[in-house]
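S.K.: Give me a model of this one.
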Amino acid sequence: MESMPVGFRFHPTDEELVSHYLRLKMEGNDSQVHIIPEVNVCKWEPSDLAKFSVIKSDDQEWFFFSPRDFKSSNSNRTNRATKSGYWKVTGKDRKIKARGTNNVIGTKKTLVFHRGRVRDGVRTSWVMHECQPTVTLPHQVDGVHVKCS
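M.R.: The predicted structure follows:
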């Protein structure tokens, strides 16, 4: 992909992520959403994710589609562990509503990366926002926004 012009910022709203980018991705229109790569974010440490971002920036903020990784084939619990830590959900899920109609089109989870294992994990400054559509399709992915704040 060609480099972005000076001053370009990719800053979609949650509603745009779900209703445009995630919808197109789940419908198989990958060529229309090439600006957001598909990366299993839990297979990588947060500091390693920059190399996968299509938009190169000095900001530590990236957008990815991430396939759902379940703890087992008969479970609906998501596996969010990496080699050196885990992503922990914090706070309540927030509703993502369609502009104009206020219909709920998705949910947004906030997760914080902890180094170590669950019992003795140390909270870091890495934050991930995970957007999930309310509808499910065969190629289910989540929209992930990772940021170091």
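S.K.: which stretches of the chain have low pLDDT?
M.R.: Under the criterion pLDDT under 70, the flagged ranges of the chain are 1-4, 72, 136-149.
S.K.: And the strands in it?
M.R.: 61-67, 85-97, 104-115, 122-133, 141-148 (DSSP state E).
S.K.: what would the ones you listed look like in TSV with mean neighbour count and distance to Ser73?
M.R.: For the C-beta atoms, the positions are set from N, CA and C on the backbone; glycine is no exception. Shown next, in TSV, are the strands of the chain (neighbours: other C-beta atoms under 10 Å; distance: least, C-beta to C-beta, whole Å):
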stretch	mean neighbour count	distance to Ser73
strand 61-67	21	14
strand 85-97	16	20
strand 104-115	19	22
strand 122-133	18	20
strand 141-148	21	18
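S.K.: how about these in JSON lines, adding distance to Val39?
M.R.: Listed next are those as JSON lines, based on distance: least, C-beta to C-beta, whole Å:
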{"stretch": "strand 61-67", "distance to Val39": "5"}
{"stretch": "strand 85-97", "distance to Val39": "14"}
{"stretch": "strand 104-115", "distance to Val39": "15"}
{"stretch": "strand 122-133", "distance to Val39": "12"}
{"stretch": "strand 141-148", "distance to Val39": "8"}
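S.K.: do you know which of these lies nearest Thr13?
M.R.: For those, the distance to Thr13 is smallest for strand 85-97, at 8.8 Å, taking C-beta to C-beta.
S.K.: Let me see the residues that make contact with the closest one.
M.R.: Residues from elsewhere that reach strand 85-97 (C-beta atoms under 8 Å, 6 or more residues apart in numbering): 14-15, 18, 41-42, 45, 80, 103-118, 121, 124, 128, 131.
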